[in-house]
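Participant: Sequence first, then the predicted structure, then my questions.
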Amino acid sequence: MAFFISQAYNEDRIDVLSISIIYFTFLTVFDYSMKIQIQDTSSYQITTKNNTIALYPKEAVKTEKAAVILSDTDQSSDTFVSYTPGEYELSGDMIQGIAGNDNSTVIYRLQAEGMVVAFLGNQKEKLTADQLDTLGNIDILFLPLLEDIKISLHILEQIEPRMIIPVGDQNSLSVFLESYKASYDEPSSSVSISESKLPIDNTKLVILKK
């Protein structure tokens, strides 16, 4: 009897071990990352497996991949430019433009590499219930640092992302860091992130500088 119980127990352990190996192999193979680079204080570039996406660029991005420009104004470019609310699917990446709190602002939601990114553009007020509902759960938030930093902090509380990238100049960043007490790594010009590397129970602060 003891032999059969021991044998069954060992087989169960082998099954659990096999499942664990398959699971972590799956994560390794399919856990794609995206690269986020800063262009200037309010412009960024996101590189996914399928696209290079420019967020509010000062100049059109030239790339061998399909280039996508997200902005709130039309731009002269040979690439796809989104500057109004709407939904798009580009080589597997899902992009949604959401109307801001005034007619000149577009909020963008990007779903790629198993993560959801929100870029609030020139949003200067807290988000409405409809905007929050459309955004849904956000993994990475580009947080605008407003003149009234309390509004920025309120937006952060509204969204509760897993990672934030502050968007603003050095002065606004200093004011933000005085109010938002969190540790962060040495600032750099880019970061590569995958879904498995994002925190689950807290928010990671990433500071990008040229």
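Facilitator: All right, it came through fine. Numbering: from 1, shown residues only.
Participant: When you work out contacts or count neighbours from here on, use the C-alpha atoms and nothing else.
Facilitator: Will do.
Participant: What does the pLDDT read for Leu90?
Facilitator: If you check Leu90, the pLDDT there is 87.
Participant: That one and Pro166: what is the separation?
Facilitator: Between Leu90 and Pro166 the computed distance is 26 Å (C-alpha to C-alpha, to the nearest Å).
Participant: ok, now Ala54?
Facilitator: For Ala54 relative to Pro166 (C-alpha to C-alpha), the value is 17 Å.
Participant: Neighbour count: these two, which is higher?
Facilitator: A side-by-side neighbour count of Ala54 and Pro166, using other C-alpha atoms under 10 Å, places Ala54 first with 26 against 22.
Participant: Tell me where this structure has helices.
Facilitator: For the chain, the helices defined by DSSP state H occupy 2-30, 129-135, 149-159, 170-179.
Participant: pretty sure Glu121 is touching Ser104, no?
Facilitator: In this structure residue 121 is Gly, not Glu. No - using C-alpha atoms under 8 Å, Gly121 makes no contact with Ser104, being 9.9 Å away.
Participant: Those two: which is more packed in?
Facilitator: Higher neighbour count among Gly121 and Ser104: Gly121, with 23 against 14, using other C-alpha under 10 Å.
Participant: Leaving out sequence neighbours, find the closest residue to the more buried one.
Facilitator: Using C-alpha to C-alpha, 6 or more residues apart in numbering and skipping residues adjacent in sequence, the residue nearest Gly121 is Ile107, 5.9 Å away.
Participant: swap in Thr73?
Facilitator: That would be Tyr83: by C-alpha to C-alpha, 6+ apart, it lies 5.3 Å from Thr73.
Participant: Measure how buried Gly168 is and give me the count.
Facilitator: Counted by other C-alpha under 10 Å, the residues lying close to Gly168 total 19.
Participant: got a list of what it touches?
Facilitator: The contact partners of Gly168, taken as C-alpha atoms under 8 Å, 6 or more residues apart in numbering, are Thr41, Ser42, Pro144, Leu145, Leu146.
Participant: Kindly list the main-chain dihedrals of it?
Facilitator: Here is the backbone geometry of Gly168 (degrees, to the nearest 10): phi 170, psi 180.
Participant: I'd like the numbering to begin with 105 instead of 1 from here.
Facilitator: In the new numbering, first residue 105, that becomes Gly272.
Participant: I'd guessed Ser294 sits against Asp144; true?
Facilitator: No - the pair Ser294 and Asp144 does not pass the contact test of C-alpha under 8 Å, sitting 11.7 Å apart.
Participant: rewinding a little: what sits in contact with each of Gly225 and Ser208?
Facilitator: Taking C-alpha under 8 Å, 6+ apart as the criterion, Gly225 and Ser208 both touch Asp176.
Participant: before we move on, back to that, go through the helices of the chain and find the least confident stretch.
Facilitator: Note on those: helix 106-134 shows the lowest mean pLDDT, a mean of 50.
Participant: Thought Thr152 was touching Ala216, still the case?
Facilitator: Yes - Ala216 is within contact range of Thr152, at 7.0 Å (criterion: C-alpha under 8 Å).
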